[in-house]
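*Asks:* Need a 3D model of the sequence below.
(one chain, ligands or ions: 2)
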Amino acid sequence: MSWDSARLLAHVVGRPRAAVSRALEDAVGCVLAGPLVSPGAVPPVDRSAMDGYAVCGGGPWRVVGHVGVECAAPLDLSAGQACSITTGAAVPAGTTSVLRDEDVALDGEWVCGPSEVGRHIRRAGEECQAGEVVLPAGVVVDGPVLGLAASLGLNRLIVIPQPVVAVLITGDELVHQGPSAPGRVRDALGPMLPNLITRAGAGVGPIHHLPDTHAALLAAIKSSDADVVLVSGSSASGPADHLRAVLREMGAELVVDGVACRPGHPQALARLADGRLVIGLPGNPLAALTAFLTLGVAAIAGLRGLTLPDLPVGAIPGGVACHPHSTRLVPVRVTAQGVVPVGHGGSAMLRGAAGADALAVVEPGPAEAVAARLLPLDPGTRPWAS
Ligand SMILES: Nc1nc2c(c(=O)[nH]1)N[C@H]1C(S)=C(S)[C@@H](COP(=O)(O)OP(=O)(O)OC[C@H]3O[C@@H](n4cnc5c(N)ncnc54)[C@H](O)[C@@H]3O)O[C@H]1N2
Ligand code: MOO
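*Replies:* Ligands and ions are numbered 1, 2, ... in the order given. Model prediction:
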């Protein structure tokens, strides 16, 4: 299966989770299930944009009082009157202009300065009117969205919740302390995957290290209640690679069974009878990373109700060799001079990817590519190209 078909299928198979109502503080990372509608006008009244004086008509003006932000019922002004005012305070009825502190001259109870009708007044409803849609469905709830929701007066949001992704790391040879040595390989995926899952917009579920047995893998997949289960190091066809046999035994639908890409070709995606997804990540660390960025990120986007972003295209002035039949995923830096491969892109090594910005998606072909789509290595990057 082609790399693009695999990515597309993973996105389609990740069906959006049911919408729920969440308190603002619990909604971060979720996706708006419907348009965000303002219940009222913002601001609700005309407000001063400056610290200074609200005035009525032409000057000089006699200062008749003070209005602070906390003042719920400000006095009225009539022609020739002014009141001192703070930024954000409701302007008194009759105000024609606000003058900044630094622009006025005071003489006892009199104030004078340059006034211009409407100046430094934030009009009621300037940001939005009651009933107005301020954000469409499908926006990821982040800090600014929460701030906006609060300033509209909302306490809760209707959102598609984040999916939960669990990780099963297989490999009897894996160790979690100290260096690799004959017979032992330092686990690189346990430390790598949680941050990638978070940046892709999912919750990190349990991470289990399993022995290389059919029974252990079967029991762990069966007992997980995560929306997506990532299984690393069991994707090929060796004696310790049990993933496909386990999926068969569970009656899973194998949606993606190998992808024509390098590295990462043995990756797989299956849907269990109850709708949960299982993604097989090849054990080689860069292959696991490319598979997560391909199938994992696309499935998570689907589960979150997000579209699959089109990838931006970058010029590669120095060119990069194509593979005759497979899509190459090549660690690159994105510079002002164009896209530059960083090297160290072998499937068992992370050195190139760790210092790169993106994977260049190099289409199969007979020669060299001088441009490629760019798959961000940080799956939390905003998709400018979509
Ligand atoms: N006969 C074939 N052999 C292999 C094929 C193939 O098509 N036919 N594909 C090769 C490719 S490509 C890859 S990638 C690997 C995928 O292997 P598995 O997913 O079954 O993983 P393992 O065999 O367990 O491990 C491969 C390699 O990666 C190391 N590894 C595993 N997990 C980790 C980890 N958490 N951290 C660091 N390194 C890890 C493991 O020690 C092995 O060296 O299969 C090829 N073989
Ligand atoms: O394709 Mo393997 O996934 O090269 O390392």
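*Asks:* What parts of the stretch 201-350 of the chain come near ligand 2?
*Replies:* 262, 263, 264, 265, 266, 282, 284, 287, 347 (CB under 6 Å from any ligand atom). Any C-beta I mention is one placed from the backbone N, CA and C, and that applies to glycine too.
*Asks:* Next up, the contacts around the closest residue to the first one other than its chain neighbours.
*Replies:* So that's residue 262. Spatial nearest neighbour of residue 262, chain neighbours left out: residue 326 (4.8 Å); criterion: CB to CB, 6 or more residues apart in numbering. With contact set as CB atoms under 8 Å, 6 or more residues apart in numbering, residue 326 has these partners: 3, 260, 261, 262, 265, 364.
*Asks:* and which of these is nearest to ligand 1?
*Replies:* residue 265 (5.4 Å; CB to the nearest ligand atom).
*Asks:* what residues are up against the nearest residue to residue 49 once chain neighbours are set aside?
*Replies:* Among residues not flanking residue 49 along the chain, residue 120 sits closest, at 4.6 Å (CB to CB, 6+ apart). Contacts here follow CB under 8 Å, 6+ apart; on that basis residue 120 touches 48, 49, 50, 52, 97, 98, 99, 100.
*Asks:* Dump those to JSON lines, plus neighbour count, secondary structure and pLDDT.
*Replies:* Listed next are these as JSON lines, based on neighbours: other CB atoms under 10 Å; DSSP: H, G, I helix; E, B strand; the rest coil; pLDDT from 0 to 100:
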{"residue": "48", "neighbour count": "24", "secondary structure": "strand", "pLDDT": "96"}
{"residue": "49", "neighbour count": "14", "secondary structure": "coil", "pLDDT": "97"}
{"residue": "50", "neighbour count": "20", "secondary structure": "coil", "pLDDT": "97"}
{"residue": "52", "neighbour count": "23", "secondary structure": "strand", "pLDDT": "97"}
{"residue": "97", "neighbour count": "23", "secondary structure": "strand", "pLDDT": "97"}
{"residue": "98", "neighbour count": "27", "secondary structure": "strand", "pLDDT": "97"}
{"residue": "99", "neighbour count": "24", "secondary structure": "strand", "pLDDT": "98"}
{"residue": "100", "neighbour count": "17", "secondary structure": "strand", "pLDDT": "97"}
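*Asks:* From these, pick the one nearest residue 141.
*Replies:* residue 49 (28.5 Å; CB to CB).
*Asks:* Hmm, residue 121 and the closest one touching each other?
*Replies:* Yes: taking CB atoms under 8 Å as the contact criterion, residue 49 and residue 121 are neighbours in contact, 6.6 Å apart.
*Asks:* Need the contact partners of stretch 344-360.
*Replies:* With CB under 8 Å, 6+ apart as the criterion, stretch 344-360 contacts 188, 192, 262-264, 282, 284-287, 289-290, 293, 314, 316, 320, 328-334, 339, 341-343, 369, 372-377.
*Asks:* Distance-wise, check the residue in the chain sticking out farthest from the centre relative to ligand 1.
*Replies:* Centroid-distance maximum for the chain: residue 108 at 56.5 Å, with CA atoms, centre = their mean. Counting by CB to the nearest ligand atom, to the nearest Å, the gap from residue 108 to ligand 1 is 79 Å.
*Asks:* same question for stretch 261-273, mean pLDDT?
*Replies:* Mean pLDDT, stretch 261-273: 97.
*Asks:* What helix or strand is the residue in the stretch 201-350 of the chain that ligand 1 sits nearest to located in?
*Replies:* Per CB to the nearest ligand atom, the residue of the stretch 201-350 of the chain with the smallest distance to ligand 1 is residue 283, at 2.5 Å. Following DSSP states H and E, one finds residue 283 outside all helices and strands.
*Asks:* What's the local residue count around the residue lying closest to it once chain neighbours are set aside?
*Replies:* Nearest residue to residue 283, sequence neighbours excluded (CB to CB, 6+ apart): residue 233, at 3.4 Å. Counted with other CB atoms under 10 Å, the neighbours of residue 233 add up to 27.
*Asks:* Show me which of the contacts of residue 120 is closest to ligand 1.
*Replies:* The closest of those, once distances to ligand 1 are taken by CB to the nearest ligand atom, is residue 49, at 56.6 Å.
*Asks:* Just the buried ones among the residues of the stretch 201-350 of the chain next to ligand 2, please.
*Replies:* 262, 263, 264, 265, 266, 282, 284, 287, 347 (16 or more other CB atoms under 10 Å).
*Asks:* Cross those against strands and list the overlap.
*Replies:* Using DSSP state E, the subset of those located in strands is residue 262.
*Asks:* quick one on the thing from earlier: what pLDDT is listed against the residue nearest to residue 283?
*Replies:* At residue 233, pLDDT is 92.
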